[in-house]
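Participant: this one's sequence-less:
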């Protein structure tokens, strides 16, 4: 019997691709979207807004009318808030955390009693390379992903006795709709004009040259099947070098980022 897999944010990006691939591979896939009626997919789709408490409760009630076993939760729902730190309002920062961090935590907590009752399961959360290191113009996005890393590192210990595996996947830049669907900082400070233009040009170049998300999909498929997956799973070209530079020579990492931005 193939596993039942729940994927949040399955209407676009990594979520849609992995949900479709898992469905094609014979898994019982259930996806979520804030507006499931707006997209035609080959798998079951339920309504869920992870930033809305009543939506989470309604979703949970509906989900367990459909299934008696949940093998894997893939936390994918979230968005990218782009902008220099001082130009980003605190309210925008709070909303970033309300979705990326608190929303992910809330849906996890909603499903944990079910996982504990069945005494097995796997929770895979899509983080980001910015959750392990960070770049200009991604302060709140990176902070929300750093927070997830810390939360799930602790949760992994606490759920070990229930045979519930906790896993993070940390992709770098890949071709998805994350930039097209991103939210931008609303403030503009003249002092940052030159630097902001360089950072935006750097980011545009980075994503235009980014590869298709094949490696991320492959890693997620491996993790779904793995009996004892490791906690942290960075995916992407150059990740190992960047992580090594940051941990062993932060100045070298910093200089490399500055050098690349100053090309523009």
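Facilitator: In hand now; what should we look at? Nothing here was measured: the structure is a model prediction, and the numbers come from that model.
Participant: is it true that residue 80 touches residue 182?
Facilitator: Yes: Residue 80 is in contact with residue 182 according to Cβ atoms under 8 Å; the separation is 4.1 Å. Placement of C-beta: from N, CA and C, glycine included.
Participant: More neighbours: which of the two?
Facilitator: residue 80 (21 against 13; other Cβ atoms under 10 Å).
Participant: just the helices in the stretch 51-200 of the chain please.
Facilitator: 53-66, 90-97, 104-118, 139-159, 193-208 (DSSP state H, counting those that start in this stretch).
Participant: Worst mean pLDDT among these?
Facilitator: Lowest mean pLDDT within the helices of the stretch 51-200 of the chain: helix 193-208, a mean of 90.
Participant: Can you name the element that comes right after that helix?
Facilitator: helix 214-225 (DSSP states H and E).
Participant: Could you pull out the buried residues of that next one?
Facilitator: Across helix 214-225, burial judged by 16 or more other Cβ atoms under 10 Å covers 216, 217, 219, 220, 223, 224.
Participant: Can you tell me which helices and strands that helix packs against?
Facilitator: helix 13-24, strand 121-126, strand 164-171, strand 232-235 (3 or more Cβ pairs under 8 Å, 6 or more residues apart in numbering; DSSP states H and E).
Participant: how does it look with 10 Å?
Facilitator: Using 3 or more Cβ pairs under 10 Å, 6 or more residues apart in numbering; DSSP states H and E, the elements in contact with helix 214-225 are strand 4-7, helix 13-24, strand 72-75, strand 121-126, strand 164-171, strand 232-235.
Participant: Compare these and give me the one nearest residue 132.
Facilitator: Nearest to residue 132 among those is strand 164-171; the distance by Cβ to Cβ comes to 5.7 Å.
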